[in-house]
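curious how this folds, go ahead:
(chains A and B)
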Amino acid sequence: MTDNWTVLVGVKQVPDEDDVSIDPDTGTLNRAEAAAILNPPDKNALEAALRLKDEVGARVIAVTMGPPTATPVLELAVALGCDDGALISDYAFAGSDTWPTSLTLARAGEYFDADVFICGEETTDSSTGQVPPGIAAHLDWAQLTYVEELEPRPEDDQLAAVRDVEGGWERVVADLPVVVAVGYGENQPRPSGLHRKIYAENEFEPIELDAEELGIDADEVGLDASPTQVGGMDTASPVEREQELLDSVDDLAATLHKQEVV
Amino acid sequence: MNVLQSREGPPANPNYDHRYDAIVVGAGLAGSAAAITMARDGLDVLLIERGSYPGAKNVFGGVMYTPTIRELVDIDSAPTERYVAERRYSMLTEEDEIAASVSIGDWHEPPHNDSFTVIRGDFDEWFAEQAVEEGATLITETTVTDLIREDGRIVGVETDRPDGAVRAPVVVLAEGGNSLVSESAGLKETDHREHIAVAVKEVLEFPGDSRKIIEDRFRLVDDDGAAYHYFGKGAVGDAFGGAFLYTNDDTISVGLAYRIEDAVTEKISPQDRLDEFKSHPAVAPIFRDARTVEYGAKTIPEGGASAMPELVHDGALLVGDTAGLVLNNGVHLEGTNMAVESGFHAGKAVVKAFGSKATPRPADAATAGTESAGQVRADGGVSNTTRPSVTVRASDLQSYPDSLEQSFVVENLEHYEWLINRVVEDKQLLFEDLPEALADAAAEYFTIDRQPKQTHGRLAKERIMHTVGGLRGAIKLGWRYRKMIR
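Purely as a prediction, here's the structure:
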């Protein structure tokens, strides 16, 4: 491959979990007032992508699906160092579950002729983790999930990844193009530079793409094309844990023995 | 093929050096007031705030005094909580309370004596938005760590971000009471500890209909609010200061402020002191069932006019708390109005300085001779263009200290400085002996027993006269404080 890699990073705007308050009188969650922020695992995806830019000069483009009010997550991506950002927005997408969402992102991957499509492990507002493998499935690309670290091998058109596995790690090499899901918290995201931040928040205008431009039929996406529906929601009340204060280590050992814990 | 071919994307290295006429450090009241004033007159302003939003770092009490804000912006759209319809001043001994309440009919009418309780987290965010609407650029989550100097003058700021230096001809320092940047840059001396107060504050709410409970407990109707001030041993122990209690829309703010010297030398911590105040028998019932939703602490500069630093420097101005513009004379506790006033005058002075410097605006920056070979973007964007650098000297900014001198700000600070000094001298008498004497005298005067009223009246008078040193003492005391109602 002669050209530099094109790396797409999927990012999403979600309600700030820390801001979701519980009404102490009714016990219900108050999500409406929560601030909209970048999905926290996406910070690790952006960092992994920007490291590819640092290491092999990749061109990094952030993409998000959502209404125009989601633009701040693209601004943040550009502030951090992404070369550009695209907002994929269309009324046809309303109500999409993970299947049409990953289809749409897959088409964006084709549209930008991406070599690598990097996502966070999951989004904190739905926590399915299905979208990155979904993109790979729609495109029939290789996939690297729960990635700790990426090792680009541009001379071989390959991307190696250190993956988190039960009891340790493994190194897996995939041929391009490839979808990557970066493990949450696996790298230390960089802060954005001052001048890039000023630019991104004040002058940057994202690329705007709709379903038609991505070659998507309206009946392929949206609520009707979503095979899953939310059946219902309930809140769980925490169970008060039994506790016992013991004076000495010997007492603790004796108690644990008595309760056949050890 | 795709949009990237035809698109001029983000520049590889955007650079905003010399793109702004002024950088404002801190988007509090003083900073935003300066930003609004400068942006309104056509200057390009970069407003840098360390919090995640303006007001996020604020721990102010408080009642906001709005005469100058009203001049600058549409106060009716501001997120105020309640207007102050009742002011109550209360002396607390360890167990007793003697209080005076002031409630003026006019205060119920707009402009409500320009006194509103506010939650600064909401208010400051709104106030900074007004600066943005005037054209200022607001950057949050960015801490200014140092000033950039060249040939002795200030030419920009250094921030905690990568690529974090940005240059502009003028820097307005509105960093608040804890003015680390101004101090480390040598623009002001570190405050003496007797000039600094420590303030702690809690915001409380009540379970259920918190708004209604507050209205019932404070006897409020609609947007009425109450501002209670407490002095004496029952409020702040042996320290020099006072406690306050303000009603917000559906919460109450309670806190106290006293000299940091007292916090250092006394055994009790400010938060324990606040707990003691909250459990005083005269105030505890107000807090029944309340739960704390917010807790904070801050420092307040209160050195008065003589502690004011040099306000203008080559390329920089000091405003608000950073300039020590807080008035705390016991009765009046004001800083917000002076912050806004100083930001306004500082902004005007910068505008005036630029009026004589005539910098090219961004639109013509591309055609004007620029200092460095900035790359002009094809779409007409100017993110890489620079302007000729301008030098603004302290002498160009002299109208700021001059107009502040003529405003109520310095006049008030100077007028009340003598009072604060007197009160410090008479602290034992005013905050301890006299309240106790008054409480004892009142108890005596109102005693119901089988002695004639006259006897109780005489004993009560004796109790007070003994404390102030007889008739001569009382006259001397009145003379000492005559200027207070000048």
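
how about the spatially most central residue of chain A: what's its closest non-neighbour residue?
Centroid check for chain A by C-alpha atoms, centre = their mean gives A:Gly120 as the closest residue, at 2.7 Å. Nearest non-adjacent residue to A:Gly120, counting by C-beta to C-beta, 6 or more residues apart in numbering or on different chains: A:Pro41, 3.1 Å away. From N, CA and C alone the C-beta is placed, and that goes for glycine too.

which helix or strand contains the one you found?
Element membership of A:Pro41 [criterion: DSSP states H and E] is helix A:40-56.

can you give me the buried ones in stretch B:4-11?
Neighbour counts using 16 or more other C-beta atoms under 10 Å in any protein chain shown place B:Leu4, B:Gly9, B:Pro10, B:Pro11 of stretch B:4-11 among the buried residues.

thinking the second one is in contact with A:Ala86, fair?
No: shown here, B:Gly9 and A:Ala86 do not form a contact pair, counting by C-beta atoms under 8 Å, at 10.4 Å.

now A:Leu144: which helix or strand?
Applying DSSP H and E as the criterion places A:Leu144 in strand A:142-153.

by contact count, what packs against the helix or strand following that strand?
Where DSSP H and E defines the elements, the next helix or strand beyond strand A:142-153 is strand A:158-165. For strand A:158-165, the packing partners by 3 or more C-beta pairs under 8 Å, 6 or more residues apart in numbering or on different chains; DSSP states H and E come out as strand A:142-153, strand A:168-175, strand A:178-182.

can I get those strands in TSV including distance to chain B, mean pLDDT and mean neighbour count?
Putting the helices and strands packed on strand A:158-165 into TSV (distance: least, C-beta to the nearest C-beta, whole Å; pLDDT from 0 to 100; neighbours: other C-beta atoms under 10 Å in any protein chain shown) gives the following:
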stretch	distance to chain B	mean pLDDT	mean neighbour count
strand A:142-153	20	96	19
strand A:168-175	23	94	13
strand A:178-182	19	97	28
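
is the strand or helix carrying B:Ser32 anywhere near chain A?
When elements are assigned from DSSP H and E, B:Ser32 belongs to helix B:29-40. No: Helix B:29-40 does not reach chain A (C-beta under 8 Å from any C-beta of the partner chain); its nearest approach is 13.4 Å.

from the chain's centroid, how far away is that helix?
15 Å (C-alpha atoms, centre = their mean, to the nearest Å).

which other helices and strands contact that helix?
Helix B:29-40 packs on strand B:22-25, strand B:45-48, helix B:67-72, helix B:120-133, strand B:170-173, helix B:336-355, going by 3+ C-beta pairs under 8 Å, 6+ apart.

alpha carbons of the fifth one, as PDB, please.
What that stands for is strand B:170-173. Only the C-alpha atoms of strand B:170-173 are listed here, as PDB (Å, rounded to 0.1, in the frame of the first residue of the first chain):
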ATOM      1  CA  VAL B 170      -3.600  42.500  26.500                       C
ATOM      2  CA  VAL B 171      -4.200  40.100  29.400                       C
ATOM      3  CA  VAL B 172      -7.000  40.700  31.800                       C
ATOM      4  CA  LEU B 173      -6.400  38.800  35.000                       C
END
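
state the number of residues packed around B:Gly296.
14 (other C-beta atoms under 10 Å in any protein chain shown).

residue contacts, A:Val178?
Listed by C-beta atoms under 8 Å, 6 or more residues apart in numbering or on different chains, the contact set of A:Val178 reads A:Asp115, A:Val116, A:Phe117, A:Ala136, A:Trp141, A:Ala142, A:Gln143, A:Leu144, A:Leu159.

do B:Leu47 as well
Contact analysis of B:Leu47 by C-beta under 8 Å, 6+ apart lists B:Val24, B:Ala27, B:Gly31, B:Ser32, B:Ala35, B:Ala128, B:Ala131, B:Val132, B:Ala136, B:Thr137, B:Leu138, B:Ile139.

redo that, cut-off 10 Å
Residues near B:Leu47 by C-beta atoms under 10 Å, 6 or more residues apart in numbering or on different chains: B:20, B:22-27, B:31-32, B:34-36, B:38-39, B:54, B:128, B:131-132, B:136-140, B:172, B:174.

let me know the pLDDT of it.
B:Leu47 carries a pLDDT score of 98 in this model.

who does it bridge with?
Per DSSP bridges, the residues bridged to B:Leu47 are B:Val24, B:Leu138.

interface residues of chain A facing chain B?
Contact residues (C-beta under 10 Å from any C-beta of the partner chain) of chain A with chain B: A:6, A:24-25, A:35, A:37, A:59, A:61, A:78-79, A:81-86, A:108, A:110-113, A:190-205, A:207-209, A:213.

got the buried residues for whatever helix or strand B:Glu405 lives in?
Counting by DSSP H and E, the element that carries B:Glu405 is helix B:399-406. Within helix B:399-406, the residues scored as buried using 16+ other C-beta under 10 Å are B:Ser399, B:Tyr400, B:Pro401, B:Ser403, B:Leu404.

got any ranges where the chain has weak pLDDT?
By default, I'm working from chain A. Where chain A drops to pLDDT under 70, the residues are A:1-2, A:22-29, A:31.

chain B was what I was after
In the predicted model, chain B carries pLDDT under 70 at residues B:1, B:61, B:303-306, B:327-334, B:356-388, B:409-421, B:483-486.

could you chop chain B up by domain?
For chain B, the structural domains run B:8-79+B:119-189+B:305-416, B:194-301, B:426-485, going by automatic domain parsing.
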